[in-house]
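A.B. asks: Give me the fold of what follows.
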Amino acid sequence: MTVVDSHHHVWDLSVRDQDWITGEELAPIRRTFTLADLEPEARAAGVAATVLVQTVTVAEETPELLALADGSTLVAGVVGWTDLTAPDVADTLAALRALPGGGRLVGIRHQVQSEPDPEWLLRPDVLRGLRAVAAEGLVYDLIVRPHQLPAAARAAALLPGLTFVLDHAGKPPVALGTTQPWADGLRALAAHPNTVCKLSGLVTEADPRSWTVEHLRPYADTAIEAFGPDRLMYGSDWPVCRLAAPYADVLDAARELTGRLGEEGRQAVLAGTARRVYGLL
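C.D. replies: Purely as a prediction, here's the structure:
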């Protein structure tokens, strides 16, 4: 069965610090991770293509990721970053498309989860930037926390021409074993047909030392029921996932969590949705 990994990262600490990798819990991933590190793991797991996702709000990172994709037979798409609030955001997006590897730019993302304003997505300057993303034929990856899901749902309603892809299922409180208010926020977002959800990042929202597939199941089932397999896509969140599990184990968990969907539904989650939504070759 073909697999597309819709969400992973790389970074080189000799080029740029990753200032979010702090503290003892994140110490195992405070080192450089390259495509050369990922590729043998991905190929061994049967992954045919991946989507490389930004990690920092630095304009220089996106051209670097596009250049990596341009030289890779694994990376089929890049979700980059640009300042959505900049007056010239449309010109910047067009310029990124013209760079080497620019044809692999499939989406834009901003660390909304770090914004103190829970309604940051609804600011007029942000909405203007999101319209430019849509006009360029790109999707928008949402990295938000549960309390920001209502604003995400309102943004999706205001911009029906833009596809919103929710990273890490909206970061549910897996470690706490609770589902609310996350589940209601997720369902409200899923009510808009221009939204898609990534089945990713759950292992690190759980207790990384003792998680099991059954700990993840209530959250995966909620996402499956809300979005359906045609609006759900698998992502590893490598190398962050290494805090809780090896690459192959994360994929095995996704296969188990989607087992009740049948072959067609599971194939949509593991590959088809990502290929369609991101327009991957």
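
A.B. asks: Show me where this structure has its strands.
C.D. replies: For the chain, applying DSSP state E gives strands covering 3-8, 47-53, 75-80, 105-110, 139-142, 164-166, 195-199, 232-234.

A.B. asks: what about the helices in the stretch 51-200 of the chain?
C.D. replies: Along the stretch 51-200 of the chain, counting by DSSP state H, counting those that start in this stretch, helices occupy 61-70, 89-97, 124-135, 149-158, 182-190.

A.B. asks: Columns distance to Arg209, mean pLDDT and mean neighbour count on top of those, output as CSV?
C.D. replies: C-beta here means a position set from N, CA and C on the backbone, and glycine is covered the same way. Formatted as CSV, those follow (distance: least, Cβ to Cβ, whole Å; pLDDT from 0 to 100; neighbours: other Cβ atoms under 10 Å):
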stretch, distance to Arg209, mean pLDDT, mean neighbour count
helix 61-70, 31, 98, 20
helix 89-97, 40, 98, 17
helix 124-135, 37, 98, 17
helix 149-158, 28, 98, 21
helix 182-190, 22, 98, 21
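
A.B. asks: Mind putting these into CSV with distance to Gly107?
C.D. replies: Shown next, in CSV, are these (distance: least, Cβ to Cβ, whole Å):
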stretch, distance to Gly107
helix 61-70, 11
helix 89-97, 11
helix 124-135, 8
helix 149-158, 15
helix 182-190, 17
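
A.B. asks: Was I right to think Lys198 contacts Ser236?
C.D. replies: No: at 10.1 Å, Lys198 does not count as touching Ser236 under the criterion of Cβ atoms under 8 Å.

A.B. asks: overlap in contacts of those two?
C.D. replies: In terms of Cβ atoms under 8 Å, 6 or more residues apart in numbering, Lys198 and Ser236 are both contacted by the residues His7.

A.B. asks: Tell me which of the strands of the chain sits nearest to Cys241.
C.D. replies: Distance to Cys241, taken as Cβ to Cβ, is lowest for strand 3-8 among these, at 8.5 Å.

A.B. asks: Check which helices and strands the closest one sits against.
C.D. replies: Packing partners of strand 3-8 (3 or more Cβ pairs under 8 Å, 6 or more residues apart in numbering; DSSP states H and E): strand 47-53, strand 232-234, helix 273-278.

A.B. asks: Please identify the most buried of those.
C.D. replies: Comparing the helices and strands packed on strand 3-8 by mean neighbour count (mean count of other Cβ atoms under 10 Å), strand 232-234 ranks first with a mean of 27.

A.B. asks: how far does that strand sit from the chain's center?
C.D. replies: The chain centroid and the centroid of strand 232-234 are separated by 10 Å, computed with Cα atoms, centre = their mean, to the nearest Å.

A.B. asks: Contacts for that strand next, please.
C.D. replies: Where contact means Cβ under 8 Å, 6+ apart, the residues beyond strand 232-234 that reach it are 3-6, 165, 196-200, 223-224, 251, 254, 258, 268-271, 273-274, 277.
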